[in-house]
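**Student:** Generate a structure from the sequence data that follows.
(chains A and B)
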Amino acid sequence: MPLLKRRAKRQAEIPTSSMADIAFLLLIFFLVTTTINVDSGIYMQLPPKLDENVEPPEIQQRNLLNVLVNNSGDVLVDGQFMAINNIRDEVVRHVTNEGRLPNYADSPNEAIVSFKTERELPYEQYINVLDEIRGAYDEVRNDFSRQEHGVDYATYRAQLGEDDEDDVKTKYPIKISLAEPDG
Amino acid sequence: MSAHFKKKSAKTSQNIPTASLPDIIFMLLIFFMVTTVLRETELLVRTTLPAAEAVEKIEQKRLVSYIYVGPEKLEGNQYGEDSVQIDDAIVDDLNEIRNIMYRKVLEEPQMIISFRVDREVETGLLYDVQHELREAETLRINYSTTREAGT
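**Tutor:** Numbering: from 1, shown residues only, chains lettered A, B, ... in the order given. Okay, here's the model as predicted:
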């Protein structure tokens, strides 16, 4: 009888006061180890596989801006040597020409930048030149967006709904052709 | 009059209820546990990314598949030939890439290939890999770069 009585008196509760501390410790561990790494880079679209039965479309010479880079990193734009810093302005001039100057594009929609390098060019230089070309398009799009909508392109795009048409993109589509080197 | 007020305020409890504190902390904990991404692949090649200015973020991380290109890491801090790594293995025969990529793109047609290429790699190798991607019709690519300082 006395044995039973003692048992009934026993406390059967788990102490929960330290639960918060344990949770805190775990929380701090995960806070410290979490790395939210957002991948950023230059987005490109590769040309589709060549079909031998289909003729490549004719492109007028004036709509095409040829950017060539040789193994030592010299840049040739439409046959003329150019410093890397000048590529951006040249591409902007090409895209926004609207048929005014004879050597540049008829309209932004038809403007194509062809980007070609020799095979031994280091990747860093490749990215440098590609970055300038992309930067030129960003510049053109930002200018147009500010003119039409009063905000820069990123802000404008954030305001767009799911089905809204992005008229900056429609006006200035990015057409960079990644040509493969010959041989 | 003032005595009246005093009495009233003295009656209210001054304790903040702490009983739900563990629950709140656990919520935060679970959030961080779910969002934590541990590095899933071990890098067998060196990839020191170049810097660029006109970069954009990839919003849909789910769609991204990586290709690593760079000099192979050897023992004792040495580097070997430039090689291509997909998932956790080095691809010896570049012609294999089209099969690997074709299988991947069947599972996820919207797939974006993110190139993590070392800055010293020659672009010729990159062109070869891109040629394989075109064969596999995985055409959405991204050149992964770091953001240039000062922008």
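**Student:** In chain A, which residue sits nearest chain B?
**Tutor:** A:R119 (3.1 Å; Cβ to the nearest Cβ). Every residue, glycine included, has its C-beta placed from N, CA and C.
**Student:** what's near enough to touch that residue?
**Tutor:** A:R119 sits next to A:71, A:181, B:122-124, B:127 when contact means Cβ atoms under 8 Å, 6 or more residues apart in numbering or on different chains.
**Student:** what do you get if the cut-off is 7 Å, keeping everything else the same?
**Tutor:** Contacts for A:R119 (Cβ atoms under 7 Å, 6 or more residues apart in numbering or on different chains) come out as A:181, B:122-124, B:127.
**Student:** for B:I86, same thing?
**Tutor:** B:67, B:100 are the contacts of B:I86 under Cβ under 7 Å, 6+ apart.
**Student:** all helices for the chain, in order.
**Tutor:** No chain in the question, so chain A it is. All helices of chain A, identified by DSSP state H, fall at A:2-9, A:19-33, A:84-95, A:123-149, A:153-159, A:167-171.
**Student:** Not quite, go with chain B.
**Tutor:** Under DSSP H, chain B gives helices at B:2-11, B:21-35, B:96-107, B:123-136.
**Student:** who's in contact with the longest one?
**Tutor:** If I follow you right, that is helix B:21-35. Looking at what lies outside helix B:21-35 - Cβ under 7 Å, 6+ apart - the contacts are A:19-20, A:23-24, A:26-27, A:30-31, A:34.
**Student:** Which one of these is nearest to A:E13?
**Tutor:** A:M19 (12.6 Å; Cβ to Cβ).
**Student:** Report the contact partners of that closest one.
**Tutor:** Per Cβ under 7 Å, 6+ apart, neighbours of A:M19: B:P22.
**Student:** Could you measure from it over to B:A52?
**Tutor:** A:M19 sits 48 Å away from B:A52, going by Cβ to Cβ, to the nearest Å.
**Student:** What backbone torsions are found at A:E52?
**Tutor:** phi -70, psi -20 (degrees, to the nearest 10).
**Student:** what's the burial count for it?
**Tutor:** Using other Cβ atoms under 10 Å in any protein chain shown, A:E52 has 5 other residues around it.
**Student:** same question, B:Y127
**Tutor:** A count of nearby residues for B:Y127, using other Cβ under 10 Å, gives 18.
**Student:** thought it was touching A:E180?
**Tutor:** Yes. Between B:Y127 and A:E180 there is a contact under Cβ atoms under 7 Å: 5.6 Å.
**Student:** show me the contacts for the residue of chain B at minimum distance from chain A.
**Tutor:** Nearest residue of chain B to chain A (Cβ to the nearest Cβ) works out as B:G124 at 3.1 Å. If you count contacts by Cβ under 7 Å, 6+ apart, B:G124 has them with A:119-120.
**Student:** and if we set it to 6 Å?
**Tutor:** Going by Cβ atoms under 6 Å, 6 or more residues apart in numbering or on different chains, B:G124 touches A:R119.
**Student:** before we move on, the earlier item: and the contacts of helix B:21-35, which are buried?
**Tutor:** A:20, A:23, A:26-27, A:30 (16 or more other Cβ atoms under 10 Å in any protein chain shown).
**Student:** now, which of the residues you listed lie close to chain B?
**Tutor:** A:20, A:23, A:26-27, A:30 (Cβ under 6 Å from any Cβ of the partner chain).
**Student:** Using a markdown table, lay out those together with distance to B:I113 and pLDDT.
**Tutor:** Below are these laid out as a markdown table (distance: Cβ to Cβ, whole Å; pLDDT from 0 to 100):
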| residue | distance to B:I113 | pLDDT |
| --- | --- | --- |
| A:A20 | 45 | 78 |
| A:A23 | 40 | 80 |
| A:L26 | 36 | 84 |
| A:L27 | 36 | 82 |
| A:F30 | 30 | 79 |
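**Student:** how many neighbours does residue 43 have?
**Tutor:** You didn't pick a chain, so chain A it is. 17.
**Student:** should've been chain B
**Tutor:** Count around B:L43 with other Cβ under 10 Å applied: 14.
**Student:** ditto for B:R62
**Tutor:** By other Cβ under 10 Å, neighbour count at B:R62 equals 10.
**Student:** swap in B:R119?
**Tutor:** B:R119: 19 neighbours (other Cβ under 10 Å).
**Student:** nearest spatial neighbour of the residue nearest the centre of chain B, skipping sequence neighbours?
**Tutor:** For chain B, the residue sitting closest to the mean C-alpha position, by Cα atoms, centre = their mean, is B:K61 at 7.2 Å. Once flanking residues are discounted, B:K61 sits nearest to A:D39: 7.0 Å by Cβ to Cβ, 6 or more residues apart in numbering or on different chains.
**Student:** Next one, pLDDT for the one you found please.
**Tutor:** The model reports A:D39 with a pLDDT of 74.
**Student:** hang on, isn't it packed against B:K57?
**Tutor:** No. Between A:D39 and B:K57 there is no contact under Cβ atoms under 6 Å: 7.2 Å.
**Student:** picking up where we left off before, deepest of the helices of chain A, which one?
**Tutor:** helix A:123-149 (a mean of 20; mean count of other Cβ atoms under 10 Å in any protein chain shown).
**Student:** Mind giving me the packing neighbours of it?
**Tutor:** helix A:84-95, helix A:153-159, helix A:167-171 (3 or more Cβ pairs under 6 Å, 6 or more residues apart in numbering or on different chains; DSSP states H and E).
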